[in-house]
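[1] build me a structure from this.
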Amino acid sequence: MDKQKLLSMDPYILLSIINMKLRDEFSSLEDLCSNYGMKAEELENKLNSIEYRYNQQTNQFTGI
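    Presented below is the predicted three-dimensional model:
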């Protein structure tokens with residue numbers, strides 16, 4: 001999956017995919033973003049729109 005496809009997804013579907021990848025494949029948001037060639041702020045802005053924020057301690061996006 002490429003950057004544009006990820007960022008154009010419904011934010012709730014994206015949330016599910018990203019949290020799964022953070023849990024199973026990547027040790028940090030920076031690692032995930034590097035793998036997909038995107039900036040962390042792009043992903044954070046998309047998920048902030050549904051009131052989810054990245055929690056570094058849990059390595060997950062969680063609701064606020």
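[2] hey, let's count contacts and neighbours off CA atoms from now on
    OK.
[3] list the buried residues for the helix or strand residue 34 falls within?
    Assigned by DSSP states H and E, residue 34 falls within helix 29-36. By neighbour count on 16 or more other C-alpha atoms under 10 Å, the buried set for helix 29-36 is 29, 32-33.
[4] just checking, what packs against that helix?
    Applying 3 or more C-alpha pairs under 8 Å, 6 or more residues apart in numbering; DSSP states H and E, one finds that helix 29-36 contacts helix 11-24, helix 40-48.
[5] just put those in JSON lines and tack on mean neighbour count, mean pLDDT and distance to residue 63.
    Shown next, in JSON lines, are the helices and strands packed on helix 29-36 (neighbours: other C-alpha atoms under 10 Å; pLDDT from 0 to 100; distance: least, C-alpha to C-alpha, whole Å):
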{"stretch": "helix 11-24", "mean neighbour count": "15", "mean pLDDT": "98", "distance to residue 63": "10"}
{"stretch": "helix 40-48", "mean neighbour count": "17", "mean pLDDT": "97", "distance to residue 63": "9"}
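[6] closest to residue 58 out of those helices?
    The closest of the helices and strands packed on helix 29-36 to residue 58 is helix 11-24. By C-alpha to C-alpha, the value is 9.0 Å.
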